[in-house]
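**Student:** Have a look at this fold, sequence not included:
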């Protein structure tokens, strides 16, 4: 089990707020029009031929190809109606479960399952701090183009920047957001997506399945994004030996009690020692 520290008043308030939001999210989803549309899509005998848009494989491929002007936003995001969103949710969710190695399905599912009220909650968390507001205003991106690798190499070995460079040496590019309809909320999700590697570093989680699952549990506690919670069910695919090595509930509580990662300007922490970053944010690394 993870060792516990005594949280301060702010952390307690944040934890209660996150817990309340996650519970209300689960209750709201079951009664939402979005899920009624999913039931409708599921009842269509041949979903590929009868949906009001091109065949599904062809439609997903459009995320990488030029679209007609009336089917895309100026920044390249795809315009979707509610039935299209629900259908992509259904198909990409099943595909991601059956084939977790397919990054396209996972990315699509992550976006269409990030319902507007969930993303608005994350945005509102950002608006509560001056740092979060500056992130929303400036829209920084985390990649090799904005975080100079040559500079990161000069940092101490145990600094967050050096560890980030080491962790992303095979590439740190994250897929652009294509399926979220609101432009500001699309950036909020992209910011979450681009900080995924930071969670790995701070929790000392590897990039195999046994390492990804605790990260998803942490992210669910920290963000409340439905996709991160649903991903935790892949735990049942692990062998008994690997299951014994991780504690999903501890990881969830770790994310729940930590400061909201969505409002952290990681670019300002690159020179910090990793242990100091953990203490600042209330993160407990995996044993």
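**Tutor:** Structure received. From a predicted model like this one, the values you see are computed outputs, not experimental measurements.
**Student:** I'd guess residue 105 is in a helix, am I close?
**Tutor:** Yes: counting by DSSP: H, G, I helix; E, B strand; the rest coil, residue 105 is found in a helix.
**Student:** What degree of burial does it show, as a neighbour count?
**Tutor:** The local packing of residue 105 (other Cβ atoms under 10 Å) involves 21 other residues. From N, CA and C alone the C-beta is placed, and that goes for glycine too.
**Student:** these two touch, right, it and residue 92?
**Tutor:** Yes: under the criterion of Cβ atoms under 8 Å, residue 105 makes contact with residue 92 at 4.6 Å.
**Student:** my read: residue 139 touches residue 188, true?
**Tutor:** No: taking contact to mean Cβ under 8 Å, the distance of 10.2 Å between residue 139 and residue 188 leaves them out of contact.
**Student:** give me the low-pLDDT residue ranges for the stretch 101-250 of the chain?
**Tutor:** 101-103, 170-173 (pLDDT under 70).
**Student:** And for the residue nearest to residue 176 when sequence neighbours are not counted, the neighbour number?
**Tutor:** Counting by Cβ to Cβ, 6 or more residues apart in numbering, the nearest residue to residue 176 once its immediate chain neighbours are dropped is residue 76, at 6.8 Å. As a burial measure, residue 76 scores 12 neighbours (other Cβ under 10 Å).
**Student:** Mind pulling up the pLDDT for residue 76?
**Tutor:** Turning to residue 76, the model gives it a pLDDT of 78.
**Student:** now residue 4
**Tutor:** 44.
**Student:** what do you get for residue 47?
**Tutor:** At residue 47, the pLDDT value in this model is 37.
**Student:** Would you map the helices across the stretch 1-150 of the chain?
**Tutor:** Defined through DSSP state H, counting those that start in this stretch, the helices belonging to the stretch 1-150 of the chain, from first to last, are 9-30, 33-43, 47-50, 56-61, 82-98, 103-112, 116-127, 130-138, 149-153.
**Student:** Give the closest residue to residue 175 in space, chain neighbours not counted.
**Tutor:** Leaving aside its sequence neighbours, residue 175 is closest to residue 107 (4.8 Å, by Cβ to Cβ, 6+ apart).
**Student:** for residue 201, same thing?
**Tutor:** What sits nearest to residue 201 in space, not counting adjacent residues and going by Cβ to Cβ, 6+ apart, is residue 163, at 5.1 Å.
**Student:** Please apply the same query to residue 200.
**Tutor:** By the measure of Cβ to Cβ, 6+ apart, the closest residue to residue 200 outside its immediate chain neighbours is residue 215, 5.8 Å from it.
**Student:** In terms of helices and strands, where is the one you found?
**Tutor:** Following DSSP states H and E, the helix or strand that holds residue 215 is helix 209-223.
**Student:** What angle do helix 116-127 and that helix make with each other?
**Tutor:** Here helix 209-223 runs at an angle of 70 degrees relative to helix 116-127 (axes from the mean of the first three to the mean of the last three Cα atoms, to 10 degrees).
**Student:** Flag every buried residue along helix 209-223.
**Tutor:** Judged by neighbour count using 16 or more other Cβ atoms under 10 Å, the buried positions of helix 209-223 are 210-223.
**Student:** and if you look at stretch 253-262?
**Tutor:** Counting neighbours by 16+ other Cβ under 10 Å, one finds that the buried residues in stretch 253-262 are 253-262.
**Student:** Distance-wise, check the residue nearest to residue 200 relative to residue 133.
**Tutor:** Plainly put, residue 215 is 27 Å away from residue 133 if you go by Cβ to Cβ, to the nearest Å.
**Student:** where does the nearest residue to residue 119 once chain neighbours are set aside land in three-state SS?
**Tutor:** The shortest distance from residue 119 to any residue other than its chain neighbours is 4.1 Å, reached at residue 185 (Cβ to Cβ, 6+ apart). The three-state label for residue 185, taken from three-state DSSP, comes out as helix.
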